[in-house]
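**Student:** My questions are about this predicted structure, shown below with the sequence.
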Amino acid sequence: MDLLPLLRATFGFPGFRENQEPVCRSVAEGRDVLLVMPTGAGKSLCYQLPAVARQGTALVVSPLIALMDDQAAKLAAAGLRVARIHSGLSRDDARQACRAYLDGSIQFLFIAPERLRVPGFPEMLARRKPSLIAIDEAHCISGWGHDFRPDYRTLGDYLPLLRPAPVIALTATATPTVQQDIVAQLGMIDPALYIHGFRRDNLAVEVVEMPKPQRAEFVAAFLDAPATRPAIVYAPSRNEANDLALRLAAKLHAAAYHAGLDAATRERVQRHFQDGALDIVVATIAFGMGIDKANVRTIVHTALPGSVEAYYQEIGRAGRDTLPSRAILLHSFADRRIHESFFERDYPPVENLDKVARALTAEFQDPDSLGAKLLIDPDTIARAFEKLAAQGAAQFDMEGRVRATSATGWRAGYKAQLEHRRAQLNAMIHFSETPQCRMSALVRHFGDRAGASRPCGHCDFCSPQTAVAQKYRGPTSAEERDLQALLAILKMTPSTSAGRLFDASSVADRRSFDHLLDGLARAGLVTLSSESWVNPLGREVTYRRVNLTEEGRHLGIADPLCVLLPEESDATAARRRPRADRTQPAEAPPAYTGSQAELEQRLREWRKAEATQAGKPAFFVFSDAILRALVHAAPQTIPQLLTIRGIGPNKADRYGATICALCRGEAAPGA
Ligand code: ADP
Ligand code: MG
């Protein structure tokens, strides 16, 4: 089947964009497909063209009326026959759409997911099977993301009725975990996975550790050069966006943009940026969705974003014209702490939510007065209801009143969301702290393994000499000696934790040591990875592991070291702590003693048996991190067990007796 002539005739495009053709071919042939490509890459065509090729009617599920209307309008403009069914249309329109579907006079039927819950509707669809089923924005299926839609979760229940049509799921933001979730929830059959296009070859990504107080000055100085503009600066809060915009506006055409501004101001800022009257927008995350500006040269983040997905989406707004562009991320340890406190605020412990959930009844009630009854302030209670609603355990009416639903099992969903959010944050921290090719790391994050194998050549890791936010220099002769000494230690122990390497070295302070280590990594002589273990107190401790590379191993003592080190500002240098007063960080896990190793073995075996019985993977019982914590703490009683992070009442109820028995050295009860 040659799809190219059909593409030209139907859509008037001269050719396929990268990666579109094989995807279209698979779908046209009737295969289930999961397609992950960035926003704007042209995913819609990948269901639209096959739909035309397969004839019949394609069913398209879309989470937003605006998206549906936009796609339907584009298809209609191309002369295709389209109908929509969503809450923004009249009953008559819906009825007419159903008729058109049943008599086969339309090529595309767009529906909102909740429509499938309407009794009789799925059966109506099944009377005349669709030729293809497209699920747009498929990540909404995942109970973790902020876009979660409970109605997406149940989509999979209706699909068997509509088969044998191929199912194509489309999304821009799925990490490998979410991808698996989509495939499982939709019951996709042997799907072809296409994960493409996350590599941006014209984007130089820089990640720089910079103390907070220096960032505004850096941004002002950097954006002073005309070639760096137009630019979008992402600030972490409305206040910071206002302050920085004000400062920049003294010399440049800059303005702030955030949700705290009125709609008219926001619209004006967006329009002026679009048409070039404004050169710089300092925005919170609210900016950029509707922006279609091809020549953005720079994206600056003045603080650590909350997830790699959001970060990637934001830097993706630079260089759509394919000309060289730059993304600069400024961060420091302080950013991590800020995120931690946000996290605690936004994700209350499940026990607190429980309390709030119990106060709900089948009648709609005013959230503030419920809060007053429970002695919880309005913001906190609002966040709690939001969380419950996201899990389907609460429902709002038009006046913002709230009531309980009959949904059970929201706790597991919420915990999964919590863990997912935590993992997102950790991934972002890991990205910012791990010296490696930035573009490869991003591409790998989205599961595109093929795309991740090639270094980009112009990020701060691949090309430190062209970095702008951080200048680099060659080592001094003292540093050169330190570097050689580190390599000598590593040749004896080629894989070790950074802490142990530091202890074994004679480098004066940890900060200089970290710089030397990063320099060795940039030069390809070592690789650094961040690893974690759970200490006996149940706290997760992350540490850096250093591995000598082949190149490092073969480097002779007389060979020149091509290591570049960051030039430090005086302020940064002043923060060095000498060796004597540093607190020893808890680093790599201590090795197990003989009896601990034995316990680990027994716990593992039991976990495996338990998981097999439940038909679930082993981590379903508990993760390796928890396993290690159990081995170290060896809890003998349920209260002791409950002090271990990751073991809640549910797990304790289910497995507690057995775990404690195993830790006491007894056989598992009932085994
Ligand atoms: P996504 O869903 O991946 O974010 P869209 O499907 O909305 O992206 O496509 C983005 C834009 O690219 C649309 O305006 C679409 O018409 C255009 N487009 C898609 N495929 C092609 C193509 N082969 N040639 C030219 N333009 C295309
Ligand atoms: Mg789309």
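**Tutor:** Arrived safely, thanks for sending. Ligands and ions are numbered 1, 2, ... in the order given.
**Student:** From now on I want contacts and neighbour counts done on CA atoms only, so please keep to that.
**Tutor:** Noted.
**Student:** who touches the lengthiest helix in the chain?
**Tutor:** What stands out as the longest helix in the chain, according to DSSP state H, is helix 410-433. Residues lying outside helix 410-433 but in contact with it, judged by C-alpha atoms under 8 Å, 6 or more residues apart in numbering, are 143-145, 207, 304-308, 331, 336, 339, 347, 350, 387-388, 391-393, 438, 441, 530.
**Student:** could you pull out the helices for the stretch 251-400 of the chain?
**Tutor:** 263-275, 308-315, 333-346, 350-359, 367-374, 378-390 (DSSP state H, counting those that start in this stretch).
**Student:** Ok, the stretch 501-650 of the chain next?
**Tutor:** With DSSP H, counting those that start in this stretch as the criterion, the stretch 501-650 of the chain has helices spanning 510-522, 550-554, 570-573, 594-614, 624-633, 638-642, 649-663.
**Student:** need the least confident one among those, by mean pLDDT.
**Tutor:** Least confidently modelled of those is helix 570-573, at a mean of 52 by mean pLDDT.
**Student:** The longest helix of the chain versus helix 308-315: what angle between them?
**Tutor:** 50 degrees (axes from the mean of the first three to the mean of the last three C-alpha atoms, to 10 degrees).
**Student:** okay, the helices of the stretch 501-650 of the chain in a markdown table with distance to Gly56 and mean neighbour count next?
**Tutor:** Supplementary listing: the helices of the stretch 501-650 of the chain in a markdown table, determined by distance: least, C-alpha to C-alpha, whole Å; neighbours: other C-alpha atoms under 10 Å:
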| stretch | distance to Gly56 | mean neighbour count |
| --- | --- | --- |
| helix 510-522 | 55 | 21 |
| helix 550-554 | 58 | 14 |
| helix 570-573 | 65 | 11 |
| helix 594-614 | 42 | 16 |
| helix 624-633 | 50 | 20 |
| helix 638-642 | 57 | 15 |
| helix 649-663 | 49 | 17 |
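**Student:** Next, format these as a markdown table and append distance to Ala357.
**Tutor:** Compiled in a markdown table, the helices of the stretch 501-650 of the chain are given as follows (distance: least, C-alpha to C-alpha, whole Å):
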| stretch | distance to Ala357 |
| --- | --- |
| helix 510-522 | 47 |
| helix 550-554 | 57 |
| helix 570-573 | 48 |
| helix 594-614 | 29 |
| helix 624-633 | 29 |
| helix 638-642 | 23 |
| helix 649-663 | 18 |
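**Student:** what's the closest of these to Val282?
**Tutor:** Of all those, the one in closest proximity to Val282, counting by C-alpha to C-alpha, is helix 570-573 (25.5 Å).
**Student:** closest one to ligand 1 among the helices of the stretch 501-650 of the chain?
**Tutor:** Taking C-alpha to the nearest ligand atom as the measure, the helices of the stretch 501-650 of the chain were each checked against ligand 1, and helix 510-522 came out nearest at 34.1 Å.
**Student:** Just the closest residue of the stretch 401-550 of the chain to ligand 1, please.
**Tutor:** Proximity of the stretch 401-550 of the chain to ligand 1 (C-alpha to the nearest ligand atom) peaks at Phe446, 14.9 Å away.
**Student:** which residues touch that residue?
**Tutor:** Residues in contact with Phe446 (C-alpha under 8 Å, 6+ apart) are 173-176, 195, 198.
**Student:** which SS state does the closest residue to Cys140 other than its chain neighbours fall under?
**Tutor:** Taking C-alpha to C-alpha, 6 or more residues apart in numbering as the measure, Cys140 lies nearest to Phe148, with 4.4 Å between them; neighbours along the chain are not counted. In the three-state summary, Phe148 is assigned as coil, counting by DSSP: H, G, I helix; E, B strand; the rest coil.
**Student:** Please list all residues in contact with Phe148.
**Tutor:** Counting by C-alpha under 8 Å, 6+ apart, Phe148 makes contact with 139-142, 390.
**Student:** Neighbour-wise, give me the winner out of these.
**Tutor:** For these, neighbours were counted using other C-alpha atoms under 10 Å, and His139 has the most, 28 neighbours in all.
**Student:** my guess is it meets Ile182, correct?
**Tutor:** Yes. In this structure, His139 is within contact of Ile182 by C-alpha atoms under 8 Å, at 6.8 Å.
**Student:** one step back: so which residues make contact with the following helix or strand past the longest helix of the chain?
**Tutor:** For helix 410-433, the succeeding helix or strand toward the C-terminus, using DSSP states H and E, is helix 438-445. Outside helix 438-445, the residues within contact range by C-alpha under 8 Å, 6+ apart are 175-176, 198-200, 205-206, 308, 312, 431, 449, 451-456, 459-461.
**Student:** thinking again about what came up before, of the helices of the stretch 251-400 of the chain, which is nearest ligand 1?
**Tutor:** Ligand 1 sits nearest to helix 308-315 of all the helices of the stretch 251-400 of the chain, at 11.3 Å, using C-alpha to the nearest ligand atom.
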